Each structure stands twice: as structure tokens, then as C-alpha cells.
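Asker: turn this into a model:
(3 chains)
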Amino acid sequence: MSDQIPLSQLAMARPNAAPDYLDGLNPEQKSAVESVDGPLLVLAGAGTGKTRVLTTRLAHIIRTGRAKPWNTLCVTFTNKAAREMRERAMNLIGPEGEGLRWLGTFHSISAQILRRHAELVGLKSTFTIIDTDDQIRLCKQIIEAEGIDPKRWTPRYFAGLIDGWKNRALMPDKVPADEAYQFADGKGIDLYKTYQSRLSVLNACDFGDLLLLTIRLFQDHPDVLKEYHDRFRYILVDEYQDTNIAQYLWLRLLARGTGNICCVGDDDQSIYGWRGAEVTNILKFEQDFEGANVVRLERNYRSTGHILAAASHIIKENRGRLGKTLWTEGEQSEKVRLRGLWDGEAEARQIGDDIEQWQRDGNKLADCAVLVRASWQMRAFEERFIMLGIPYKVIGGPRFFERAEIRDAMAYFRLIRSEDDDLAFERVVNQPKRGVGATTLQKLQQIARDDGRSLTTICRMVLQTDEVKGPAKRGLTSFMNHLDMWRDKHHAGLSHTELAQQILDESGYTDMLRADRSPQAATRLDNLKELVSAMGQFDSLAAFLEHVQLVMDVSSESGSDDEVQILTLHGAKGLEWPLVFLPGWEEEVFPSKRSVDENGNKGLEEERRLAYVGITRARERCMISFVANRQIYGRWQSVLPSRFVDELPPDHVEAVSETGYGTRQGFGETYSGYSTSDSFEDLGERSSYNSPGWQRLKKTDRKRTAPPVIDGKAELIASSSPGKSDFSIGQRVFHIKFGYGRVEVIEGAKLTVEFEKAGTKKVIGTFLEAA
DNA sequence: TTCTTCACGCTTTTT
DNA sequence: GCGTGAAGAA
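Answerer: Coordinates of the predicted model:
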């Protein structure tokens, strides 16, 4: 590095030339890049070049010599975002970008800081960072130890509460009494305290602690804070709308130094409220940071006019936003397409056909994506794509390091490094089965708790006595002997990959999986192989474990294959495709019922932002669809078009419905909406989501009476709520899985149905014959 | 201790 | 409809 001329000097060598990295920026972007002094909020709408502005600003600061790379602090939420930002910044800055030591996630930067000052917050610098799974197991132990029924008060819920408090920067002494009383009849705060003290005994902290302890460090030790004030001349924050209170306080403390803080975000894309993000942070930025400037980026470079119009039209229903008007010079091109279909299978079939057509037109599969609200919706598309032979990729499935087998292996490794890691011990003493059951483990835990020592220590002691006997004793002895042996080998300098392989083999873990003939066992073995090879990229076991604690991901970005992407709307943030499918726009699916039930209008507005995010992912074409019937958790349910369908702007949308279901948005001859009455006659009035007919709709109103049974006859009214009631004709029992209409003919597996209002006869080839 | 059976409940996801 | 998790049976 030292023999290279810093690029900043190259830039200075030709003072008259405008720096090339500013080329092609529009005036707003340029001003966001260049106003480097004082607080700045960049309100960047979807597709307005947010990341470009952020990285160019960073490059600008460094290449104009305002600060050295290591004097800038760049914070993101995810490791992926951090990686991307580093990559793009390096392209602009050149080799000097290597010095960006403080570019990372809130958590990784906090961990970096905490490791240097651990003793000031009551930790040893080797502290472990526990993940959600360990956290829940710890909560479970605490709850059981207190004699609280873990069924009534689930550990998961309690862990969620703790996370919630930590998101709001509330340590046990600060939690509002009434809130803590919600849990286990007033024991909430005590349990929280116990949890924290358990963590400190284990020399561990959870993700929330990383932030909170850093905040406490800064508050209690002004000298330390000063050191970081001096260090961080410029602060850049990505996705500011996703910050929670703890992160806000964290930033506030650091920004108090130079005041040069630049936050980039979009209040309309705040979709993580459920995990503590506070849109208010971005809404009141100007009050929070004195003398703040605001730059709006409103020129969209991504989507066509129609797509942008549809997105804007929906989002403007939200109150409490800063307000932006996105515009584009792009052409109008084709309208957003809206489709009403029979059921989830029809939807998958339709989208499959569209994708085949897209491909026939010479486009790449990787250029389109299916964005769903919830991951259970993905299955239908996977099934269909497999049938059609369309290569696809599900993005954001179960994470590698969260798989049971990987966590088991990691627990073994953790025990090698620090034998007092009780959570790891509990996880694998009896994995594979060694005859050490719950009773034995409980006995050990009891002694360990009373003695205040670790399970391994206690275990060694107990094995000298006769407190455990029989198979349990034999199992424990063998387990401990193995651990000692591996630890010896580790210290003797056996390579960590070699050691890992031996641990897996000698512990009997591989044999256990090999003996298991189920198809998953094979994948599990593969995963373990991958784990061992991934370890090879690290110098030591310790280095590997450190990495995994914070980056629960293996960055094996293949990406080269031409595959349709299937992902959730949340997972789609920050991405874009020429063609985007948005299926499942049904009320209670999207917007999600739970979201609205639990968080009312706030929840609804977040769902609406999700719709906004979804639409704005599309560059050229956007295909929205909803169905009349959907299988949810294996049960057939009749569903209504989402209210978001009604909020689409008619002028920019081309709508078709095959079901007779529709909305006020021009479905031609077909009736619209939904009625509480049983007969079609009463559907006369056009109803929309806002009409009384919709609003009065109660769950119970939707129940239809069971269809009349006419033995042997081929005609009956099939107006029952699908899935609710089977009906029989002669010996045959049917289970209706389509909408409401008059069944005309039943022949074999074919059913002809007439839909009175729509006036169409339709052959339904797919119905279930109940067993 | 481990195997079997039943009940339950079930968004979104990162660190 | 399916996987988890806890209570009862061998």
C-alpha cells in the first residue's frame, strides 16, 4: 500500500478538472454529496441513487483530504449492505479504501469498540456474543428455575420482550413497571435482571447488549467517548428509517463530536417496525440534530411512469410521512397489470406461463422475480416452476448457521475454545444420544447453579463420585474424555479443519446422520462438509468463531445462474428487476391480518409501505394478482381482494378478472366486491373496500350455508365457503375448492360451473374429491 | 432414557 | 398440512 500514490493526491494534481467521481450526478445528488459539514438528512426515494450518493460522498470526503478513511464511520444494518458499500466505495476511492476500518453494521462496530474497553462495562474482552437460539434457551432456563409455567409464559415471548426493551434502550431498571408486569404476573423485571446477571456470569452478551453496553460505555466514560469523537470526523448512516431507539442514541452520542453526520433513508420504505425500527427517528431528524439540512432525491432512474404512478398513488394514503414526489423522465411504457384469479394454483400457473413467455421473448430469467408477503406463499410457485422446469432460486431461506446440525457442530467447537460455555455444553452432551437425559442434565445444572460454576467443571467433579450411574455415567465420561482429547489436539497445533472433521467423526455425529435414511440427513451431511471447508478460509478456530458470532452468513454468492428469484417483500428491499410479480394481494394476506390486528393503523401503514417497496422494485413491468380462494395452512379459505388493489390508480393499471371478483377498478361486466348476503341478487351494487358492504363484513358473515345435496343429480348450488363443508353426490364426497356458482356437470374429475353474474360457464379441472 | 402420540399454532428478519 | 414440543408408554 505504501508504494502507491494516494488517489487523493492524484485528484489534487489536476485542480481544474472537476473530480470524475461527480460525473453524471444530478443537482440534488451533487448537493447531497458535497454538503459535508453539519448534520444532513438525505431523503432518498426508491430508485433515486441512494447508494451511489452515499458512496460518492464517502469518496468525496476522502479524496478531498477532509478525512482519512479510518476517520470515517459508516454504518449499515446488514453485513450484506456493508459488503456492498465497501465494494462500491473501493471502486471510487481505490486502494486507500482499505483503510475503511469503521465501515460495518451497528453491531459489528459496537463489538469492535466493546472488545477494546470490555472491562469498563463488566466483561472480559473475550466475551461471547449469543444468538437468538441461545437467548431463548437461556430464557427458558430462567423461567423454569423461577417455577413459572413455560407454556403460559413462553421463553420465546420473553426473549422477544427483552429484545423489545433493548431496542428501546431500556435496561431492567428503566423498564416501565406496568410493561414488565405484563409478564408472569409482575415477575418481568426480576426475570430480566436474572437474565442479565446470567449473561455476565457467562461472560456473554446478546445482540441488543452490543449496542446498549456501547451506549453505557460512552455515557459513563466521557474520556472514551472523546477518543471516538476525535476519531470519527464524518459519520454516514444508511437506511436511517430502520434505526431503533438504541441505535439512535448510539448515533447521537457519536455525532455530538463533529456534528458531521449524514443519514440517508426513505420514510416510505420503513418496513421493520416490528423489530423495533422507529420511523419517528427519520421524521424528527431536523429537530434532533440542530442545524440539519435536508436534501430530497426525487428523480427516479429505475421505473417507468406507470409503475411510479401506481406506487405513489398507494403510498399517498399514508399519513405521517415527510412526503416526496418521485418523477422520472422515463417513458410511460406499459401499464401495471392487475389480475384476479381462481386460486393459488391458477396464480402460479399464470405466472409460470408469463415467465415462459418472457423467456421466449429473449429475456433472462434472472431479470424477473416473484415477491410474496410471507414465505409460505413461495411453495406454490416452487411447485409450479419445478413442473415447468423453470430454474428458480428461493432467496432468504433458512440460514446456514441457524441449521440444527451446524449449530451442533459449532457448539462442539465452542466447547473446545472455552470449556465453560454452558449453552454449548447443554446443546451437545446428548447429541448424538449418549444416555445423558434430562434428569442427569438437570442434576448437573442444579449443582452448577448452587456452586456458581460451569457445567464442565461440575461434570468433572461429579464423575469422581457416584451421583450419576449407569448409562448416564458412561455417556458423560466418554463425552468428557473426547472433549479433553480434542482440546489437547487443538493445543498441540492440529489444524482447525482437521480437528473439526475429527470431532464430527469421533463424536458419532456423522454416524448418527449416516444411519438416518431420511432425505434431510444427506443434506445435513453436505452442510457439515461445507462448514468444514468454510473454516478453511480462517486462520484459526478462534477467528472462525469470532466471525460467525456476528456474521451469521456464508457469503457464497454464485449469482451467475439464470434463475427466477422468489423472495419476500422484505427480502426485496434494495433490489430491482425489469419484471416483478406481486401475487397474493388479498385482504388478510397482504395486508397481513396479524399486522393490522396487532398494530392497527400503524401496522396497516407499514404494510402499505411494503406494497410501495414491492411495486418500486419493478423497472419495466409489474404484475399484481389476487385470488378468490387460497389454501392457508392446508385449509381452503375464500379471500377478498386487498384494499391495496382498490388504492391503485385506474389510469395506470390494466385490470382483468377471471373470477367475477373484482373491485371498483373497472372489471367491466363482472360484479364487484363482496356481499354479506348469500344470494347473487344482492350483489347488485358495486361495492368497494370503502363502501358499507365491505366495512360491515364480519368473519361470521362470510360463512355460507352448506350446499343442498341432490343425490345423483348433476346440479347443485355450490355456494358453500370452500373448505368449510364437503358435499356428497351419491357415494362421492366432494370438497369444493373454488368460488361461488352453480355446479352444472360433474364428470369424472371435471366440474362445470356456471357463474351467474359473470355469465360464463367454466370447466374446473382441479377439484378435490374428499377421501 | 428413549420412543410414540397428540395438541397446537402458524408474518416479515437482522444482528 | 406440517413441524415442534411436551406428556405419556415401553
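Asker: packing partners of the strand or helix carrying A:Ala246?
Answerer: In this assignment (DSSP states H and E), A:Ala246 forms part of helix A:245-255. Using 3 or more CB pairs under 8 Å, 6 or more residues apart in numbering; DSSP states H and E as the contact criterion, the neighbours of helix A:245-255 among helices and strands are helix A:106-117, helix A:155-167, helix A:207-220, helix A:222-231, strand A:234-237, strand A:261-265. C-beta here means a position set from N, CA and C on the backbone, and glycine is covered the same way.
Asker: kindly state the beta-bridge partners for the closest residue to A:Ala618 other than its chain neighbours.
Answerer: Nearest in space to A:Ala618, with sequence neighbours left out and distances taken as CB to CB, 6 or more residues apart in numbering, is A:Val580 at 3.8 Å. Judged by DSSP bridges, the bridge partners of A:Val580 are A:Ala369, A:Cys622.
Asker: burial measure for A:Val580, as a count.
Answerer: With neighbours defined by other CB atoms under 10 Å, the count for A:Val580 comes to 28.
Asker: test my guess that it contacts A:Thr616.
Answerer: No: taking CB atoms under 8 Å as the contact criterion, A:Val580 and A:Thr616 are not neighbours in contact, 9.2 Å apart.
Asker: identify whichever of the helices and strands packed on helix A:245-255 lies nearest to DNA strand C.
Answerer: When the helices and strands packed on helix A:245-255 are ranked by distance to DNA strand C, counting by CB to the nearest atom of the strand, first place goes to helix A:155-167 at 8.0 Å.
Asker: show me where pLDDT drops low in the stretch 551-700 of chain A?
Answerer: Across the stretch 551-700 of chain A, the ranges flagged by pLDDT under 70 are A:552-560, A:658-700.
Asker: quick one, helices of it?
Answerer: For the stretch 551-700 of chain A, applying DSSP state H, counting those that start in this stretch gives helices covering A:569-572, A:593-616, A:643-646, A:692-695.
Asker: and if you look at the stretch 1-150 of chain A?
Answerer: With DSSP H, counting those that start in this stretch as the criterion, the stretch 1-150 of chain A has helices spanning A:7-13, A:27-34, A:50-63, A:79-93, A:106-117, A:132-145.
Asker: now those in CSV, with mean neighbour count?
Answerer: Shown next, in CSV, are these (neighbours: other CB atoms under 10 Å):
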stretch, mean neighbour count
helix A:7-13, 14
helix A:27-34, 19
helix A:50-63, 24
helix A:79-93, 18
helix A:106-117, 20
helix A:132-145, 20
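Asker: related to what we said a few turns ago, deepest-packed of the helices of the stretch 551-700 of chain A, please.
Answerer: Taking mean count of other CB atoms under 10 Å as the contact definition, the stretch among these with the greatest mean neighbour count is helix A:643-646, which reaches a mean of 24.
Asker: and that helix, how far from the chain's centre?
Answerer: With CA atoms, centre = their mean, to the nearest Å as the basis, helix A:643-646 stands 24 Å off its chain's centre.
Asker: near DNA strand B, anything from that helix?
Answerer: No: under the criterion of CB under 7 Å from any atom of the strand, DNA strand B is not reached by helix A:643-646; the shortest gap measures 14.0 Å.
Asker: gap between the two ends of stretch A:115-122?
Answerer: By CA to CA, to the nearest Å, the extent of stretch A:115-122 from end to end equals 11 Å.
Asker: can you check stretch A:410-424 too?
Answerer: Here the two ends of stretch A:410-424 are set 8 Å apart, with distance taken as CA to CA.
Asker: pull the residues that contact it.
Answerer: For stretch A:410-424, the surrounding residues in contact (CB atoms under 8 Å, 6 or more residues apart in numbering) are A:126, A:128, A:130, A:134, A:137-138, A:202, A:401, A:425, A:427-428, A:448, A:454-457, A:483, A:486-487, A:490, A:499-500, A:503-504, A:507, A:509, A:541-542, A:544-545, A:548.
Asker: ok, now with 6 Å
Answerer: Outside of stretch A:410-424, the residues that reach it under the criterion CB atoms under 6 Å, 6 or more residues apart in numbering are A:Asp134, A:Arg427, A:Val428, A:Ser454, A:Leu455, A:Thr456, A:Trp486, A:Arg487, A:His490, A:Ile503.
Asker: as TSV, those residues with secondary structure and pLDDT would be great.
Answerer: TSV is the format used below for these (DSSP: H, G, I helix; E, B strand; the rest coil; pLDDT from 0 to 100):
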residue	secondary structure	pLDDT
A:Asp134	helix	87
A:Arg427	helix	88
A:Val428	helix	90
A:Ser454	coil	85
A:Leu455	helix	88
A:Thr456	helix	89
A:Trp486	helix	94
A:Arg487	helix	93
A:His490	helix	93
A:Ile503	helix	93
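Asker: next, give me the two most distant ones among those.
Answerer: By the measure CB to CB, those have their two most distant members at A:Asp134 and A:His490, which lie 22.2 Å apart.
Asker: name the residues of the stretch 151-300 of chain A found near DNA strand B, please.
Answerer: Taking CB under 7 Å from any atom of the strand as the measure of proximity, the stretch 151-300 of chain A contacts DNA strand B at A:Phe207, A:Gly208, A:Trp274, A:Arg275.
Asker: give the buried residues for the one helix or strand A:Tyr195 maps to.
Answerer: A:Tyr195 is part of helix A:188-201 when elements are defined by DSSP H and E. By neighbour count, and taking 16 or more other CB atoms under 10 Å as the criterion, the buried residues in helix A:188-201 are A:Gly188, A:Ile189, A:Leu191, A:Tyr192, A:Thr194, A:Tyr195, A:Gln196, A:Arg198, A:Leu199.
Asker: thinking again about what came up before, which of the helices and strands packed on helix A:245-255 is buried the deepest?
Answerer: Among those - counting mean count of other CB under 10 Å - the highest mean neighbour count belongs to strand A:261-265, which has a mean of 26.
Asker: which of the helices of the stretch 551-700 of chain A sits closest to A:Phe285?
Answerer: Among the helices of the stretch 551-700 of chain A, the nearest to A:Phe285 by CB to CB is helix A:593-616 (17.8 Å).
Asker: close to DNA strand B, is the closest one?
Answerer: Yes: judged by CB under 7 Å from any atom of the strand, helix A:593-616 comes into contact with DNA strand B at A:Arg594, A:Ser595, A:Glu598, A:Asn599, A:Gly603, A:Glu607.
Asker: and which of those is nearest DNA strand C?
Answerer: For those, the closest approach to DNA strand C (CB to the nearest atom of the strand) belongs to A:Arg594, at 14.7 Å.
Asker: can you name the residue of the stretch 351-500 of chain A nearest DNA strand B?
Answerer: The minimum distance from the stretch 351-500 of chain A to DNA strand B, using CB to the nearest atom of the strand, falls at A:Gly437 (2.0 Å).
Asker: so what's the residue count around that residue?
Answerer: 14.
Asker: gap between it and DNA strand C?
Answerer: Taking CB to the nearest atom of the strand, to the nearest Å as the measure, A:Gly437 falls 10 Å from DNA strand C.
Asker: a strand runs through A:Pro398, doesn't it?
Answerer: No: with DSSP: H, G, I helix; E, B strand; the rest coil as the criterion, A:Pro398 is coil rather than part of a strand.
Asker: and it, how many neighbours?
Answerer: For A:Pro398, the number of neighbouring residues by other CB under 10 Å comes to 10.
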